[in-house]
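> What follows is a predicted protein model with its sequence.
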Amino acid sequence: MSSVVLAGGGTAGHIEPALAVGDALRRLDPGVRITALGTARGLESTLIPSRGYDLELIPPVPMPRKPTLDLARLPFRLTRAVSRTREILDRVDADVVVGFGGYVAFPAYLAARLRRTPIVVHEQNPLPGLANRVAARFAHVVAVTTEGTPLPRAQVVGMPLRRSITTLDRPALRPSAAAYFGLDPERPTLLVTGGSQGARSLNAAATGAAPALLGAGIQVLHLTGPKNAVDVQSAPGGAAYVVVPYADRMDLAYAASDMLLCRAGAVTCAELAAVGLPAAYVPYPVGNGEQRLNAQPIVAAGGGLLVEDAALSPQWIVDNVVPVLADPQSLARMTSNAKSAGRPDADDVMARLTMEAVRP
């Protein structure tokens with residue numbers, strides 16, 4: 001029986017690909033032993049056990065970005081985390097460590113290196129983080145989501161995603177999905193979402209464009225985020241504008257929709273390409289610009305639009321989104337192009353690469 005350790009805690013962007021690979025490993029080898037690493041303060045403390053995986057906690061090792069007292073404490077914290085991680089690898093008799101970057105992966109890579117355990121790296125973003133840049137130098141397998149990611153010996157495999165997304169039959173599910181949200185399955189539908197917490201700029205632009213959208217017969221499913229509120233009145237008998245703070249069934253939201261207005265996180269871009277949903281991508285304006293890079297391959301393939309946050313406005317939606325949704329041929333073409341940019345089998349590819357790396 002092979003023993004695989006997954007290191008992908010901290011954020012959902014690290015955890016979800018790790019769990020998708022775990023699911024694929026179980027399909028490939030039902031007898032495989034899978035252990036996930038995480039910290040007590042990350043999302044993994046709830047997400048991982050709820051998916052049926054054993055979670056082992058290690059001390060967090062945040063990487064200070066400025067010369068502060070935390071930087072002086074880094075060697076001690078890292079040494080303690082590596083020691084704890086190595087104890088776990090020994091106890092579960094780890095055959096391979098699969099890391100997805102972040103502060104959980106860094107001590108896992110170093111502990112695996114010390115005990116000469118094979119390492120598989122997966123990088124979700126076009127601009128790799130520190131942990132994966134270091135580990136890629138000595139990893140047995142380096143896998144990336146997008147072409148051109150600057151890591152040595154990188155294989156482009158795509159983003160590992162949940163099977164509930166990659167096997168989604170949108171046309172078959174559309175009637176029940178539309179009914180779930182109180183929508184008309186026959187009308188073109190725009191899904192607006194700024195992520196789990198929402199995005200003010202997207203909310204403002206969408207509500208400002210509501211009269212034009214509804215006037216064109218386009219209904220809207222707007223996920224505002226739990227702390228945001230918008231007020232849009234639908235005309236009786238016309239297209240609906242449905243406001244929901246949060247949707248825990250994104251598969252149904254995707255199935256009910258024809259196009260999105262959304263951010264361009266790595267997982268979001270990969271999911272939309274996998275299910276063949278075009279989108280108007282609005283990269284998060286803070287950071288190193290990686291969200292723009294996430295969306296560019298899909299946009300270049302003709303599967304989406306790209307607009308900077310500062311340029312997004314109700315008028316931009318009227319000029320660019322309404323014509324697509326109002327023209328069935330344009331929408332069909334963009335839908336096909338979006339799907340051509342997807343890699344729905346990334347989870348299975350990663351599972352095979354992981355088992356091939358297992359030591360004799």
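Now that the structure is in, tell me what you want to look at.

> I'd like the average pLDDT over the lengthiest helix in the chain.
Secondary structure of the chain per DSSP state H: the longest helix is helix 69-91. Across helix 69-91, pLDDT averages out at 83.

> which other residues reach that helix?
Applying C-beta atoms under 8 Å, 6 or more residues apart in numbering, the external contacts of helix 69-91 come out as 5, 35, 37, 56, 58-64, 94, 97, 106-108, 110-112, 114-115, 117. Heads up, the C-betas are built off the backbone N, CA and C, glycines and all.

> and with 6 Å instead?
Outside helix 69-91, the residues that touch it by C-beta atoms under 6 Å, 6 or more residues apart in numbering are 56, 58-59, 61, 64, 107-108, 110-111, 115.

> How far does it sit from its chain's centre?
Centre-to-centre, helix 69-91 and its host chain are 28 Å apart (C-alpha atoms, centre = their mean, to the nearest Å).

> any idea which helix or strand carries Phe106?
Phe106 is part of helix 105-114 when elements are defined by DSSP states H and E.

> Next, report how far the next helix or strand after that helix is displaced from the centre of its chain.
Per DSSP H and E, the first helix or strand lying C-terminal to helix 105-114 is strand 119-123. Strand 119-123 sits 16 Å away from the centroid of its parent chain (C-alpha atoms, centre = their mean).

> Using CSV, list the CA coordinates for strand 119-123.
Provided in CSV are the C-alpha atoms of strand 119-123 (Å, rounded to 0.1, in the frame of the first residue of the first chain):
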residue,chain,number,x,y,z
ILE,A,119,8.6,15.2,-4.1
VAL,A,120,6.0,16.2,-6.6
VAL,A,121,5.3,19.9,-7.0
HIS,A,122,2.2,21.5,-8.5
GLU,A,123,2.1,25.2,-9.1
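
> sorry, back to before: could you give me the buried positions within the helix holding Phe106?
Neighbour-count burial for helix 105-114 flags 105-113 (criterion: 16 or more other C-beta atoms under 10 Å).

> go on, stretch 315-328?
Those would be 316-318, 321-322, 324-325, for stretch 315-328 by 16+ other C-beta under 10 Å.

> Most widely separated two among those residues?
Trp316 and Leu325 (14.1 Å; C-beta to C-beta).

> residues contacting the nearest residue to Thr207 once chain neighbours are set aside?
Take Thr207 and drop its neighbours on the chain: the residue closest to it by C-beta to C-beta, 6 or more residues apart in numbering is Val230, 4.8 Å away. For Val230, the contact set (C-beta under 6 Å, 6+ apart) comprises 203, 207, 224, 243.

> Pick out the lowest-pLDDT one from the residues you listed.
Taken together, the contacts of Val230 show their lowest pLDDT at Thr224, with 90.

> what are the bridge partners for the closest residue to Ala279 other than its chain neighbours, then?
In space, and not counting its chain neighbours, Ala279 is closest to Leu260: 3.9 Å by C-beta to C-beta, 6+ apart. For Leu260, the beta-bridge partners under DSSP bridges are Leu191, Ala279.

> What number of neighbouring residues does Leu260 come out with?
Neighbour count of Leu260, defined by other C-beta atoms under 10 Å: 24.

> With Arg333 instead?
15.

> Could you report the pLDDT at it?
pLDDT, read off for Arg333, is 98.

> Shouldn't it be within a helix?
Yes. Secondary structure of Arg333 (DSSP: H, G, I helix; E, B strand; the rest coil): part of a helix.

> Can you classify the spatially closest residue to it that is not a sequence neighbour as helix, strand or coil?
Spatial nearest neighbour of Arg333, excluding adjacent residues (C-beta to C-beta, 6+ apart): Gly302 at 7.1 Å. At Gly302 the chain is in coil, as set by three-state DSSP.

> Gly302 and Ala36, how far apart?
38 Å (C-beta to C-beta, to the nearest Å).

> okay, these two: which has more neighbours?
Ala36 (25 against 15).

> As CSV, could you dump the C-alpha coordinates of the helix or strand encompassing the more buried one?
Using DSSP H and E, Ala36 maps to strand 33-38. In CSV, the C-alpha atoms belonging to strand 33-38 read as follows (Å, rounded to 0.1, in the frame of the first residue of the first chain):
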residue,chain,number,x,y,z
ARG,A,33,-3.1,5.9,2.2
ILE,A,34,-3.5,9.7,2.0
THR,A,35,-2.4,12.1,4.8
ALA,A,36,-2.9,15.8,4.4
LEU,A,37,-0.8,18.4,6.2
GLY,A,38,-2.1,21.7,7.5
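
> now for that strand, which elements pack on it?
strand 3-7, strand 54-57 (3 or more C-beta pairs under 6 Å, 6 or more residues apart in numbering; DSSP states H and E).

> quick one, strands of the stretch 251-360 of the chain?
Using DSSP state E, counting those that start in this stretch, the strands found in the stretch 251-360 of the chain span residues 259-262, 279-281, 304-306.

> relative orientation of the strand holding Ala36 and helix 69-91 in degrees?
170 degrees (axes from the mean of the first three to the mean of the last three C-alpha atoms, to 10 degrees).

> okay, the very next helix or strand once past strand 33-38 in PDB with CA atoms only?
Under the assignment DSSP H and E, the closest C-terminal helix or strand after strand 33-38 is helix 44-50. Provided in PDB are the C-alpha atoms of helix 44-50 (Å, rounded to 0.1, in the frame of the first residue of the first chain):
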ATOM      1  CA  GLU A  44      -7.800  23.100   5.900                       C
ATOM      2  CA  SER A  45      -8.900  22.500   9.600                       C
ATOM      3  CA  THR A  46     -12.500  22.200   8.400                       C
ATOM      4  CA  LEU A  47     -12.200  21.500   4.600                       C
ATOM      5  CA  ILE A  48      -9.900  18.500   4.700                       C
ATOM      6  CA  PRO A  49     -11.700  16.400   7.500                       C
ATOM      7  CA  SER A  50     -15.100  17.100   5.900                       C
END
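
> Okay then, goodbye and thanks.
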